[in-house]
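1. Below are the sequence and a predicted model for it; my questions follow.
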Amino acid sequence: MITIIASSNVKKGILFENFIKKMLDSLGYWDFRTTRRLGRQIDITAKNRVTNQPILCECKAFVEKLESNHLSKFRGIYDVEYDKNSEIVGLFFSLSGFNGSALDYYDEMTDDVKKRFKIYTDDNIINFIENSKIIFSQKQIAQIVKNKMPYHIDELYLSITEDGEFWIIIFGIDNKHSHFTVLDGKGNDVRKYIFDEIYKKDKKLKMLHPININVRNKMLIYLFENHKSNISNFPPIINESKIDVQLAIKTLKKENKIIQSGNEITLNDEFENFIINSLDFLQSKNNIEFFKSKYVQANINEQFVKYLETRYFILLSEQQKLAIIRLLKISPNALLKSLTFPTEFFKTGYNQLKRGKYSQAIKKQRNEISVVGRINDPPFIFKMHITFNKINNAEL
């Protein structure tokens, strides 16, 4: 579903048209114009940048479903233009969709006409938008939210405003349709004034409580450095409301990220959590803050190196282990790559050795290739090895 937040119907229509232009621009169209045809205003005309194919677009952001007369009027204008240029395509975008008579009218058109005269409802428009890549897909946004909040998503829809496009996510918590949050088109947190403006103007949100999903991250960042805290300390420390803090605590407990004992919260520092937290935060805007924390520096140790050995099916010398630890303690990029670099090359070599009867010398040679790499096809460990040589004698 798509909603448009504007102070008047005129502004609502303009916002919708501008959004369609933005989408079409991303899909390769340009030379946008608003023109008149047969005494009637046509919302958008444009051309394809590569093929120069022209398009004629009608955009309607009504509340009620459109009747057949809307389609027939636009079809009449389109047919006149088609007689002049058989390359022209007609696109009709309706947020509210079309009623039965309009759909019957469209169904009566021949397949040939439907290929060049197309109609889009809000669901179709969402798919069109996702193909244009100007925003993340609903599936991508849902995954981002699930990674941060373990609550059930009851509803997820796109809201178009004067400040841009935003995803509205409504949660079901304790079997109640009671909370919501807002992310931008790419799944990032939004500024407070935008959040408040959407909350104020979107009628669907009036009875719901806002959740700031960034509170979870703020609490974790604090715990990464301080390990534990009294619950009452969090609201003033991270400058968030008690309600948001309570919801974040509930979330973190479900994720097994924290341990609560009375009013004291302690970071769950199990090794598995360190891997999950690293993958999460090293790819976020808090990556440097996370990396510099006592939590990260303490967990880059022998246990982590053993994990890398297992991940990459290799054996490292004591000198290489020390060099890896020293490197990972100063490079968030290296730490992230050590957790995400593909393992196929290493696994294939390991499986070959495992299936065959090879001498210890061959096994050692294969391990050396995995660690040091090959000149024409250096794996990640080889790239790190170059860095080992540079920093091995450095004072860190």
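-> Alright, I've got the coordinates.
2. Can you name every helix or strand that the helix or strand containing D244 contacts?
-> For D244, the element it lies in under DSSP states H and E is helix 242-254. Counting contacts by 3 or more Cβ pairs under 8 Å, 6 or more residues apart in numbering; DSSP states H and E, helix 242-254 packs against helix 214-226, helix 234-238, strand 258-261. Where you see a C-beta, it was placed from the backbone N, CA and C, and this is true even at glycine.
3. Please produce JSON lines containing those, extended by distance to Q140 and mean pLDDT.
-> Listed next are those as JSON lines, based on distance: least, Cβ to Cβ, whole Å; pLDDT from 0 to 100:
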{"stretch": "helix 214-226", "distance to Q140": "18", "mean pLDDT": "91"}
{"stretch": "helix 234-238", "distance to Q140": "27", "mean pLDDT": "89"}
{"stretch": "strand 258-261", "distance to Q140": "27", "mean pLDDT": "94"}
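4. Next one: L91 relative to I42, how far apart?
-> 11 Å (Cβ to Cβ, to the nearest Å).
5. intersection of neighbour lists for the two?
-> Common neighbours of L91 and I42 (criterion: Cβ atoms under 8 Å, 6 or more residues apart in numbering): 56-58.
6. neighbour-wise, which of the residues you listed leads?
-> In terms of neighbour count, E58 stands highest of those at 25 neighbours, by other Cβ atoms under 10 Å.
7. doesn't that residue fall inside a strand?
-> Yes: counting by DSSP: H, G, I helix; E, B strand; the rest coil, E58 falls inside a strand.
8. Next up, the contacts around it.
-> Neighbour list for E58: 42-43, 70, 74, 90-93 [criterion: Cβ under 8 Å, 6+ apart].
9. Could I get the average pLDDT for the stretch of helix or strand F32 belongs to?
-> Under the criterion of DSSP H and E, F32 resides in strand 29-37. What strand 29-37 shows for mean pLDDT is 82.
10. That one pairs with which strands, parallel or anti?
-> Using DSSP bridges, strand 29-37 pairs in its sheet with strand 40-48 (antiparallel).
11. picking up where we left off before, out of the contacts of E58, which sit inside strands?
-> 42-43, 90-93 (DSSP state E).
12. Any of these buried? List them.
-> Buried subset of the ones in strands among the contacts of E58 (neighbour count, 16 or more other Cβ atoms under 10 Å): 42-43, 90-93.
13. closest to F271 among those residues?
-> The shortest gap between F271 and any of those belongs to F93, at 51.5 Å (Cβ to Cβ).
14. That closest one bridge partners, please.
-> C59, Y120.
15. surely it meets D123?
-> No: F93 is not in contact with D123 according to Cβ atoms under 8 Å; the separation is 11.9 Å.
16. how does the protein divide into domains?
-> 2-132, 138-199, 215-291, 300-391 (automatic domain parsing).
17. among those domains, which is nearest K206?
-> Evaluated with Cβ to Cβ, these place domain 138-199 nearest to K206, the distance being 8.5 Å.
18. Can you give me the end-to-end span of that closest one?
-> 20 Å (Cα to Cα, to the nearest Å).
19. now stretch 149-167
-> Span of stretch 149-167 from end to end, Cα to Cα: 15 Å.
20. do stretch 221-230 as well
-> Distance across stretch 221-230, first residue to last, is 15 Å (Cα to Cα).
21. Would you indicate which residues of it are buried?
-> Buried, per 16+ other Cβ under 10 Å, within stretch 221-230: 221-224, 229.
22. any idea where the helices of the stretch 51-200 of the chain begin and end?
-> For the stretch 51-200 of the chain, the helices defined by DSSP state H, counting those that start in this stretch cover 68-84, 100-107, 111-116, 122-132, 138-148, 192-201.
23. Mean pLDDT, mean neighbour count and distance to E289 added to these, as JSON lines?
-> Putting these into JSON lines (pLDDT from 0 to 100; neighbours: other Cβ atoms under 10 Å; distance: least, Cβ to Cβ, whole Å) gives the following:
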{"stretch": "helix 68-84", "mean pLDDT": "91", "mean neighbour count": "16", "distance to E289": "53"}
{"stretch": "helix 100-107", "mean pLDDT": "92", "mean neighbour count": "15", "distance to E289": "53"}
{"stretch": "helix 111-116", "mean pLDDT": "91", "mean neighbour count": "11", "distance to E289": "53"}
{"stretch": "helix 122-132", "mean pLDDT": "79", "mean neighbour count": "16", "distance to E289": "32"}
{"stretch": "helix 138-148", "mean pLDDT": "84", "mean neighbour count": "16", "distance to E289": "17"}
{"stretch": "helix 192-201", "mean pLDDT": "87", "mean neighbour count": "14", "distance to E289": "20"}
